[in-house]
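>>> sequence first, predicted coordinates after that:
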Amino acid sequence: MSVYMLRRLLQAVAVVFAMSLIVFVGVYAIGDPVEILISPDADQIERERAIAALGLDLPLWEQYFVFLSKALQGDLGRSFVFNEPALRLILQRMPATLELAFGATIMALVIGLPLGLYAGLRPDSPVSRTIMAGSILGFSLPTFWVGLMLIMVFAVQLGWLPSTGRGPTREFLGMQWSFLTWDGLRHLLLPAINLSLFKISLVIRLTRAGVRETILMDFVKFARAKGLSPNRVIFVHVFKNILIPVVTVVGLELGSTIAFSVVTESVFAWPGMGKLIIDSINVLDRPVIVAYLMIIVMMFIIINLVVDLTYSVLDPRVRLEAKGT
């Protein structure tokens, strides 16, 4: 297992290096922040002084090596707009985005697993057909439209939940979290539902497909022939096996949930990393954009590693293969 972990870490380092080059060149080759950040009334001397202060007077390759050397020291650049370290700006917003993404993922599992399990065990019932039809809507409806409908129904017409903002927070592990307060939890509910709809549909379909495939396997037939109770067969033999693909896909989807929570954060004015990156793109705040993309890359790598380790816990064959290599 140690050799397997070492190989994965070396692969992660190579991926981070390659992505840093792609992200840096891609972001710095598009647009000119000087036209936005510097007043058009400034004379040529002031413009050149500002360009030199931002480090934009250097060739692209030299800017990249300056960025890389500082990144190895934990410095991902300084925001052009806020004049603060880009990493600090993102870390200040990260708890809000993580809270939203984990809330949506937990909601997807809590709702999707039971519905998918029922639809797989009773595929021909009217309830199962309704569940599968609803999952199609979850895939099809655009996120921004669903968010606006949720606000109109539950915030404007019914007045049950707040429409925007994060609400009051409470400190835990050195960070501020809104789910620890009742009003903060009410603020979290609507954006989490909006962000989880696609994931709920995905979990339902994965679970149903896994159940339909697993109940036909020999070990399930043998368990039934031994006289085990239906609940034990379902929750011990069937459910544990279908968790393997579900955990893999949901784990990978967690990274995309964090990365693509931009729409939900914009609709609900949720003060997370997504809203920060939209504001930074509007003013071409390159250090913040690059730092955000690199942090997302790191999150994907860490999540993939955690998913692989979880996979090895659920499936002993993965551990045996890792020992064999």
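Received the coordinates, thanks.
>>> separation between the nearest residue to residue 97 once chain neighbours are set aside and residue 290?
Once flanking residues are discounted, residue 97 sits nearest to residue 272: 3.5 Å by CB to CB, 6 or more residues apart in numbering. To be clear about C-beta, it is placed using only N, CA and C from the backbone, and glycine gets the same treatment. To residue 290, residue 272 is 18 Å away according to CB to CB, to the nearest Å.
>>> between these two, who's got more neighbours?
residue 272 (26 against 22; other CB atoms under 10 Å).
>>> so that one makes contact with residue 90?
No - between residue 272 and residue 90 there is no contact under CB atoms under 8 Å: 9.8 Å.
>>> can you show me the strands along this protein?
With strands called from DSSP state E, the chain shows them at 170-172, 175-177.
>>> what's next to the last one, contact-wise?
This points to strand 175-177. Outside strand 175-177, the residues that touch it by CB atoms under 8 Å, 6 or more residues apart in numbering are 95, 99, 169, 170, 171, 184.
>>> chain center to it: distance?
Centre-to-centre, strand 175-177 and its host chain are 18 Å apart (CA atoms, centre = their mean, to the nearest Å).
>>> could you pull up phi and psi at the residue nearest to residue 97?
phi -110, psi -170 (degrees, to the nearest 10).
>>> do me a favour and get the end-to-end distance for stretch 258-272?
End-to-end distance for stretch 258-272: 10 Å, by CA to CA, to the nearest Å.
>>> so how far is that stretch off the chain centroid?
Centre-to-centre, stretch 258-272 and its host chain are 11 Å apart (CA atoms, centre = their mean).
>>> now that stretch: mean pLDDT?
Averaging pLDDT along stretch 258-272 yields 82.
>>> with stretch 235-253 instead?
76.
>>> how about it: buried residues?
237, 238, 239, 241, 242, 243, 246, 247, 248, 250, 251, 253 (16 or more other CB atoms under 10 Å).
>>> what of stretch 12-32?
Residues of stretch 12-32 classed as buried under the neighbour-count rule (16+ other CB under 10 Å) are 12, 19, 20, 23, 24, 27, 28.
>>> what score does residue 191 have for pLDDT?
90.
>>> quick check: it touching residue 262?
No - look at residue 191 against residue 262 with CB under 8 Å: they stay out of range, at 11.9 Å.
>>> so these two - more neighbours on which side?
Neighbour count, other CB under 10 Å: between residue 191 and residue 262, residue 191 has more, with 28 against 19.
>>> quick one: contacts for the residue nearest to that one when sequence neighbours are not counted?
Leaving aside its sequence neighbours, residue 191 sits nearest to residue 268 (CB to CB, 6+ apart; 4.3 Å). In this structure, residue 268 makes contact with 147, 151, 163, 164, 165, 190, 191, 194, judged by CB under 8 Å, 6+ apart.
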